[in-house]
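# Below: sequence and its predicted model.
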Amino acid sequence: MFRVACESAASQLFSKSELLALLEETRETNTQLGITGMLLYEGGNFLQVLEGEQEAVMKLVATIKVDRRHKRFNVLLSETSERRLFPDWSIAFRDLTDSTLVGRPGFSQFLNTPFTGVEFSAGLPRCMKLLLSFKKTCNLRS
């Protein structure tokens, strides 16, 4: 299993409806490619982890890099693993007021739950530490 973590800035701020459209589009594409992971969005910033076969992941990274919806795209790390961290592909963004999002396939409450610090237990893969750091920053702003 190959895993990569990437960051980028949105070319323009995404509305909730645009994020939900992105969720639908990417879940379908990533399922076809055998790629799972998580995409976090907050205040115009993206952090995502993609995992799957190395060739498929790197091809998707190349596609995202030239996507006009992103700017300042950077690969933060790549690593291999025996297993997937994410059984599915999901997106997380902060919306504490819309209860209809909770049951939506692919929507994660990752950014809507409090950050306690306990999450940084020993043995976490580096990409999970990046996602948790992003979450911590989001919680500091709220």
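Nice, I can see it.
# who's Thr36 bridged to?
Thr36 has the following beta-bridge partners by DSSP bridges: Glu51.
# Could you report the distance from Ala62 to Glu42?
According to C-beta to C-beta, to the nearest Å, Ala62 stands 25 Å off from Glu42. Where C-beta positions appear, they are placed from N, C-alpha and C, glycine not excepted.
# which strands and helices sit next to the one helix or strand in the chain whose mean pLDDT sits lowest?
None of the helices or strands of the chain scores lower by mean pLDDT, DSSP states H and E than strand 89-93, at a mean of 72. Applying 3 or more C-beta pairs under 8 Å, 6 or more residues apart in numbering; DSSP states H and E, we find strand 89-93 packed against helix 16-33, strand 36-42.
# the more surrounded of Ala62 and Glu42?
In this comparison of Ala62 against Glu42, neighbours counted by other C-beta atoms under 10 Å, the higher total goes to Glu42 at 18 against 9.
# quick revisit: which residues outside the least confident helix or strand of the chain are in contact with it?
The set of residues that contact strand 89-93 without belonging to it, under C-beta atoms under 8 Å, 6 or more residues apart in numbering, is 16, 19, 22-23, 26-27, 30-31, 35-42, 106-112.
# Apply the buried test to those residues and list what passes.
Among those, those that count as buried by neighbour count (16 or more other C-beta atoms under 10 Å) are 19, 22-23, 26-27, 30, 35-42, 106-108, 110-112.
# The lengthiest strand in the chain - which strands sit beside it in the sheet, and in what orientation?
Counting residues, the longest strand in the chain under DSSP state E turns out to be strand 70-80. Strand 70-80 sits in its sheet next to strand 2-10 (antiparallel), going by DSSP bridges.
# now the most centrally placed residue in the chain: how far from Phe115?
When the chain is reduced to its mean C-alpha position, the nearest residue by C-alpha atoms, centre = their mean turns out to be Leu39, at 1.5 Å. From Leu39 across to Phe115, the span is 18 Å (C-beta to C-beta).
# out of everything not next to it in sequence, what's closest to Glu82?
Met1 (6.7 Å; C-beta to C-beta, 6 or more residues apart in numbering).
# Since that was my last question, I'll sign off now.
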